[in-house]
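A.B. asks: Curious how this folds, go ahead:
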Amino acid sequence: MNIYINDNKSVSRRSFTKKALGIGFLSSLAVMNLPGSADAWLDEKIMERDDLADGIKELIKTYDTTSPYPVKFYDGLVRVHLRNLDFAVKKGLHKEHADHYSSTLAPMIEKYVKNAIPIMGKDIFLWANFERTSCSYQLYEHIDIKENERSVPCPFKGILEYQNSTVGTYSIKWGDVCNKWCIPVWENFANMVQLKIKVEPGETCRITLV
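C.D. replies: Numbers count the residues shown, from 1 in each chain. Modelled structure (predicted):
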């Protein structure tokens, strides 16, 4: 399949993807190590999936819902995180909650990410935590990639403020999500591989290796 861009020149899907991701060493590594579903996209085998039509219908129905707010794929995942964090904060267990979540992923980080850093460089840590991980690129939707830095739009603020202003679902505030969930979890991951990060929270959150 070819993709047509503004100058009316067509490029193959694979060539377009490589240009979009960049041709640096880490970007090339990312292309080679994308999960199987992404490989299917690059090789056009995704068109052979029996559930592709259901996925497209789900996309259309989800993004067609714009009231009371524009719904995105991450809606369900965000609500689960907010519900769990709200419970943990009420019980005074938010540190234990973040630590437990981090520990469940520790074996993968120890096995794959920590061993890759001496070979690939420390940026591989951010790559593994954001654009390589489906739970991240589904949650953040757009990830701005710079060497040793990632910026992501906050998926929590809009849903949390809507729920609190209309039905009073949660007792937590937006700052709780930043300071008692996102930042502690990312810092835990960094500590597992002996790295330090700086997090600048906001509507666009910036995570930088220091």
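A.B. asks: Pull out the buried residues from stretch 186-199.
C.D. replies: Residues of stretch 186-199 classed as buried by neighbour count (16 or more other C-beta atoms under 10 Å): W186, E187, N188, F189, A190, M192, V193, L195, I197, V199. (Each C-beta comes from the backbone N, C-alpha and C, glycine too.)
A.B. asks: Same check on stretch 74-86?
C.D. replies: Judged by neighbour count (16+ other C-beta under 10 Å), stretch 74-86 contains these buried residues: Y74, V78, R79, H81, L82, L85, D86.
A.B. asks: Name the nearest of those residues relative to R49.
C.D. replies: Of all the buried residues of stretch 74-86, Y74 has the smallest distance to R49: 21.6 Å, by C-beta to C-beta.
A.B. asks: Tell me the pLDDT of that closest one.
C.D. replies: On pLDDT, Y74 comes in at 90.
A.B. asks: quick revisit: need the buried residues of stretch 74-86 in a markdown table (columns: distance to S134).
C.D. replies: Formatted as a markdown table, the buried residues of stretch 74-86 follow (distance: C-beta to C-beta, whole Å):
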| residue | distance to S134 |
| --- | --- |
| Y74 | 11 |
| V78 | 15 |
| R79 | 18 |
| H81 | 15 |
| L82 | 20 |
| L85 | 21 |
| D86 | 25 |
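A.B. asks: Where helices are concerned, which of the residues you listed count?
C.D. replies: Counting by DSSP state H, the buried residues of stretch 74-86 place V78, R79, H81, L82, L85, D86 in helices.
A.B. asks: Let me have these in JSON lines, extended by pLDDT and distance to T66.
C.D. replies: Formatted as JSON lines, these follow (pLDDT from 0 to 100; distance: C-beta to C-beta, whole Å):
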{"residue": "V78", "pLDDT": "94", "distance to T66": "17"}
{"residue": "R79", "pLDDT": "94", "distance to T66": "18"}
{"residue": "H81", "pLDDT": "96", "distance to T66": "22"}
{"residue": "L82", "pLDDT": "97", "distance to T66": "21"}
{"residue": "L85", "pLDDT": "98", "distance to T66": "26"}
{"residue": "D86", "pLDDT": "98", "distance to T66": "26"}
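A.B. asks: Identify the farthest-apart pair in those residues.
C.D. replies: The widest separation within those (C-beta to C-beta) is 12.2 Å, between V78 and D86.
A.B. asks: residue closest to the middle of the protein?
C.D. replies: Among the residues of the chain, S136 comes closest to the average C-alpha position under C-alpha atoms, centre = their mean, at 1.8 Å.
A.B. asks: Quick check: closest non-adjacent residue to that residue.
C.D. replies: Of all residues not flanking S136 in the chain, F130 sits nearest, at 4.9 Å (C-beta to C-beta, 6 or more residues apart in numbering).
A.B. asks: Run through the residues that contact that neighbour.
C.D. replies: Going by C-beta atoms under 8 Å, 6 or more residues apart in numbering, F130 touches S136, Y137, Y140, I143, I145, R150, V152, I207.
A.B. asks: Where does the residue nearest to the centre of the chain fall, secondary structure wise?
C.D. replies: In this assignment (DSSP states H and E), S136 forms part of helix 134-140.
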